[in-house]
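Model the structure of this input:
(one chain, ligands or ions: 1)
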Amino acid sequence: MPKARKKGPAPKKARKAVPRARAKPRKARFRPTPALAAEILDILEATHPEARCALDYRTPFELSVATILSAQCTDERVNKVTPALFDRFPTAAALAEAPPAEVEGLIRSTGFFRSKAKSIIGFSRGLLEHHGGEIPRSVEAMRKLPGVGRKTANVVLGHAYGINEGIAVDTHVLRVTNRLGVARGQDPLEVERQLMALVPVERYTRTTDLFIFHGRKICDARRPRCGACPLFGLCRFQDKKAWAAKTAPGDPVSQPDI
Ligand code: SF4
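Numbering: from 1, shown residues only. All right, here's what the predicted structure looks like:
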């Protein structure tokens with residue numbers, strides 16, 4: 001005879017163990033290495049041996065002024081105005097005393113000509129006052145001069161004196177390094193810091209020249225030529241296959257003929 005159940009709340013039924021869905025394995029975040037950066041730079045060096053600073057200059061002073069003028073402007077445009085500017089004001093002493101209106105007229109086509117005239121005159125005065133008209137040889141000293149940011153200081157020190165203190169990061173360097181995956185973000189100072197952790201000091205200046213050249217010749221902002229790029233196999237740009245096949249979204253080449 002079955003035992004009578006004692007009075008009280010009914011015992012809970014044992015729950016069946018439901019197998020938990022397995023969590024998807026997390027993709028490890030890609031981390032660029034110095035070896036990858038070296039491989040990329042070696043390929044770029046072989047591809048663009050002619051890469052150099054595209055600004056025309058004869059002295060460190062001229063390079064400094066030309067670099068200040070190149071903000072928001074192409075190097076070709078700057079090269080068109082600097083010969084007349086340096087004919088008229090060949091030294092820091094001459095430019096420091098220049099009438100602003102005359103300087104503005106000479107550099108007008110580079111854009112933002114009023115603030116640029118103010119910058120290069122102020123830069124020349126600072127150079128005279130603190131360095132006897134000579135370009136100083138450190139980023140720190142350069143940056144104390146009016147109109148000079150870290151990019152300008154790196155460009156001038158690297159090209160005029162062969163001093164590698166930092167990596168100049170412009171719009172081309174930002175774009176190409178982000179697409180390749182060797183840097184992340186749109187802050188030039190942060191990207192410079194990331195690149196400096198990957199690239200040996202002696203390659204700093206070349207790094208800028210090579211990425212800029214590659215950005216101009218192949219890794220164009222709007223139409224990268226991924227199909228002709230020697231870095232295709234190393235690049236992490238997600239649209240590279242589409243661009244290589246000329247079917248990238250918005251690319252007129254991919255639009256059907258109607
Ligand atoms: S594969 Fe394309 S996106 Fe990548 S570096 Fe080359 S051109 Fe630029």
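
Pass me the low-pLDDT residue ranges in the stretch 101-250 of the chain, would you?
Within the stretch 101-250 of the chain, the stretches with pLDDT under 70 are 250.

Spell out which parts of it neighbour the ligand.
Proximity of the stretch 101-250 of the chain to the ligand is confined to 176, 179-180, 218-219, 224-226, 229, 231-232, 235, 237, 240, 243 under the rule C-beta under 6 Å from any ligand atom. In this view, the C-beta of every residue, glycine as well, is placed from N, C-alpha and C.

Filter those residues down to the buried ones.
When those are checked for burial by 16 or more other C-beta atoms under 10 Å, the buried set is 176, 179-180, 218-219, 224, 226, 229, 231, 235, 237, 240, 243.

show me where this structure has helices.
Residue ranges of the helices in the chain, as given by DSSP state H, are 34-47, 60-69, 75-88, 92-96, 100-107, 113-131, 139-143, 150-156, 171-180, 188-196, 204-217, 240-244.

contacting residues around the last one?
With contact meaning C-beta atoms under 8 Å, 6 or more residues apart in numbering, helix 240-244 is reached by 179, 223-227, 229, 232, 237, 248-249, 251.

Which residue would be the closest one in the stretch 51-200 of the chain to the ligand?
Closest residue of the stretch 51-200 of the chain to the ligand, C-beta to the nearest ligand atom: R179 (4.1 Å).

Please convert the helices of the chain to a markdown table, extending it with distance to A23.
A markdown table is the format used below for the helices of the chain (distance: least, C-beta to C-beta, whole Å):
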| stretch | distance to A23 |
| --- | --- |
| helix 34-47 | 29 |
| helix 60-69 | 52 |
| helix 75-88 | 52 |
| helix 92-96 | 64 |
| helix 100-107 | 60 |
| helix 113-131 | 55 |
| helix 139-143 | 47 |
| helix 150-156 | 44 |
| helix 171-180 | 30 |
| helix 188-196 | 30 |
| helix 204-217 | 39 |
| helix 240-244 | 30 |
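
Ok, which of the ones you listed comes nearest R22?
With C-beta to C-beta as the measure, helix 240-244 is the member of the helices of the chain nearest R22 (30.4 Å).

now that closest one, how far from the centre of its chain.
On the basis of C-alpha atoms, centre = their mean, to the nearest Å, helix 240-244 sits 22 Å off its chain's mean C-alpha point.

buried ones in stretch 205-222?
By 16+ other C-beta under 10 Å, the buried positions in stretch 205-222 come out as 205-216, 218-219.
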